[in-house]
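Chemist: test case, fold it:
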Amino acid sequence: MPARQRTNFSGKVRGQAWDRAGERCEGVLPNGERCGCELRAGFYVFDHILPDALGGRATLENCQVICRDCDRPKTAADQGAIADNRRLFQAHKGLRAPRKPMACGRFSPVRRGMDGNRYDRATGACLSRRGSIDVRDL
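Modeler: Have a look, this model is predicted:
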């Protein structure tokens with residue numbers, strides 16, 4: 001995804017959003033209702049409804065005044081969506097590095113048993129035994 005400069009809301013847009021909010025939080029609670037708590041100085045933010053990184057512009061229609069308690073979970077969800085979008089873009093363009101299987105992980109040809117030994121996934125043959133020397137390693 002091409003890097004784009006983050007855009008902040010202008011003073012005019014922030015003023016209009018503040019007037020529209022009426023000093024009450026515009027955040028939406030999980031049950032679908034408006035938060036409505038009283039906004040105090042230093043405890044509110046002007047938030048992009050559609051995040052800037054996902055194409056949301058710095059307009060009054062995309063601005064909401066929300067309290068810090070409503071901002072935290074929304075920001076976490078937005079960051080997840082932005083990361084997913086970035087991964088999809090990189091996969092689509094072929095920009096991601098190929099994955100390497102983790103040692104003894106699900107896609108590794110070798111698995112580690114509960115007894116600490118390593119086993120070949122295809123044949124089930126024991127590749128190492130604790131406290132013994134494997135002649136193939138010499």
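
Chemist: A helix includes D47, no?
Modeler: No. According to DSSP: H, G, I helix; E, B strand; the rest coil, D47 belongs to no helix; its state is strand.

Chemist: and the spatially most central residue of the chain, what helix or strand is that in?
Modeler: In the chain, the centroid-proximal residue (Cα atoms, centre = their mean) is G80; its distance is 2.2 Å. G80 is part of helix 68-93, with elements assigned from DSSP states H and E.

Chemist: contact partners of the helix or strand following that helix?
Modeler: Counting by DSSP H and E, the next helix or strand C-terminal to helix 68-93 is strand 110-112. With Cβ atoms under 8 Å, 6 or more residues apart in numbering as the test, strand 110-112 has contacts from 103-104, 118-121, 127. For glycine as for every other residue, the C-beta is placed from the backbone atoms N, C-alpha and C.

Chemist: mind running it again at 7 Å?
Modeler: By Cβ atoms under 7 Å, 6 or more residues apart in numbering, the surrounding residues in contact with strand 110-112 are 104, 118-121, 127.

Chemist: counting contacts, what elements does the helix or strand just after it pack onto?
Modeler: Moving toward the C-terminus from strand 110-112, the next helix or strand (DSSP H and E) is strand 118-120. In this structure, strand 118-120 packs against strand 110-112, with contacts taken as 3 or more Cβ pairs under 7 Å, 6 or more residues apart in numbering; DSSP states H and E.
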